[in-house]
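Chemist: coords please:
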Amino acid sequence: MDDVNLSNLAFTRYVRPQLINISTDYGSLMAAMNPELKEFKPIHKSISKLQRNEARLTKLNVLDNPRTSITITENLLQTLRKSILILDQYAELNMKPSFGPDQMIGSFHHFYQFYNSYLNLYQAYSDLHFFIQTGVYPGKDLLQLKQKTNEVYNLFNLYLIESSDPHFKNEFINFWNNFIKPVNTLILPRNDKVLFISKINDLNLTINILNALLTKGNKSISKQPKTLLKIMHHRWVSVLKVTLKR
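Modeler: Below is the predicted model of the structure:
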């Protein structure tokens, strides 16, 4: 792209942190618009941590770097345990009085799909931790771990969207599919500047559509979500200023 002028240093030091901030703001936005989901905010950070460290493990030859690999897996098991405690404590937060029977059942179903997937991921990390300690690590486990991590990420976000205000469901599905998901599953874990540049027009269109529909459309939202959307949009504009030639 002729209009892009982004160094590796600028991408790592400025664009990446802003993309992480926008993803965090998205979690805050979902909680602000759906107060009954606010207790799940820490899960956003936990899953992002899982994605980043799964990428670190993929780059390692774990048997040649057992101490580093064990440290990473121990840290991630602790993160998973903390999140499971949150999920156990707030398993009934998907009960929303404004939902009809079909929406209630759908939300309930998506929560337990995600919950069971999260428990399976914990078991997979426990197995990996054991194999690294014993020195008999089967290499195929990292690919399976990546698949399980992606499954957890997808099911968690589907649960949030299915449990959110139905008036904004389409807007959030579009933003998650076309901005948050590619950023968190591809660009950030891989530190992929080339992919970011190739997707910059789509990312720009997606975040502008969300901002316009929620702040200038016919569907009213409260002050806090509007403030969060403004912050997200300002972060993105600052990313464009660093990325595009002036």
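Chemist: where does this structure have low pLDDT?
Modeler: 1-2, 59-64, 90-106, 137-141, 217-218, 245-246 (pLDDT under 70).
Chemist: Can you list the helices and strands that the longest helix along it packs against?
Modeler: Looking across the chain with DSSP state H, the single longest helix is helix 101-134. If you count contacts as 3 or more CB pairs under 8 Å, 6 or more residues apart in numbering; DSSP states H and E, helix 101-134 packs onto helix 66-89, helix 140-162. (Glycine included, C-beta is placed from N, CA and C.)
Chemist: can you redo these as CSV with mean neighbour count and distance to residue 14?
Modeler: Output for the helices and strands packed on helix 101-134, formatted as CSV (neighbours: other CB atoms under 10 Å; distance: least, CB to CB, whole Å):
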stretch, mean neighbour count, distance to residue 14
helix 66-89, 15, 26
helix 140-162, 18, 25
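Chemist: Residue 191: which of those is closest?
Modeler: helix 140-162 (15.6 Å; CB to CB).
Chemist: I'd like to know which elements the closest one is packed against.
Modeler: With contacts defined as 3+ CB pairs under 8 Å, 6+ apart, helix 140-162 has these neighbours: helix 41-59, helix 101-134, helix 169-175, helix 181-182.
Chemist: With mean neighbour count as extra columns, can I get those helices in JSON lines?
Modeler: Shown next, in JSON lines, are the helices and strands packed on helix 140-162 (neighbours: other CB atoms under 10 Å):
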{"stretch": "helix 41-59", "mean neighbour count": "17"}
{"stretch": "helix 101-134", "mean neighbour count": "16"}
{"stretch": "helix 169-175", "mean neighbour count": "17"}
{"stretch": "helix 181-182", "mean neighbour count": "18"}
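Chemist: Dump these into TSV; add distance to residue 199 as well.
Modeler: Shown next, in TSV, are those (distance: least, CB to CB, whole Å):
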stretch	distance to residue 199
helix 41-59	17
helix 101-134	26
helix 169-175	14
helix 181-182	6
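Chemist: which one of those helices lies closest to residue 224?
Modeler: Of these, nearest to residue 224 by CB to CB is helix 41-59, at 13.5 Å.
Chemist: what angle separates that closest one from helix 140-162?
Modeler: 160 degrees (axes from the mean of the first three to the mean of the last three CA atoms, to 10 degrees).
Chemist: what comes into contact with helix 41-59?
Modeler: By CB atoms under 8 Å, 6 or more residues apart in numbering, the surrounding residues in contact with helix 41-59 are 20, 23-24, 26-28, 31, 69, 72-73, 75-76, 79-80, 82-83, 86-87, 121, 142, 145-146, 149, 152-153, 156, 184-185, 188-190.
Chemist: gap between residue 46 and residue 179?
Modeler: According to CB to CB, to the nearest Å, residue 46 stands 20 Å off from residue 179.
Chemist: same thing with residue 197?
Modeler: From residue 197 over to residue 179 the distance is 15 Å, taken as CB to CB.
Chemist: quick check: domain ranges of the protein?
Modeler: Domains of the chain are assigned by automatic domain parsing as 1-34+166-246, 39-163.
Chemist: residues contacting residue 6?
Modeler: Counting by CB under 8 Å, 6+ apart, the residues that residue 6 touches are 15, 193, 197, 242-243.
Chemist: and if we set it to 6 Å?
Modeler: Residues near residue 6 by CB atoms under 6 Å, 6 or more residues apart in numbering: residue 243.
Chemist: And the one 4 residues further on, by the same measure?
Modeler: For residue 10, the set of contacting residues under the criterion of CB under 6 Å, 6+ apart consists of residue 242.
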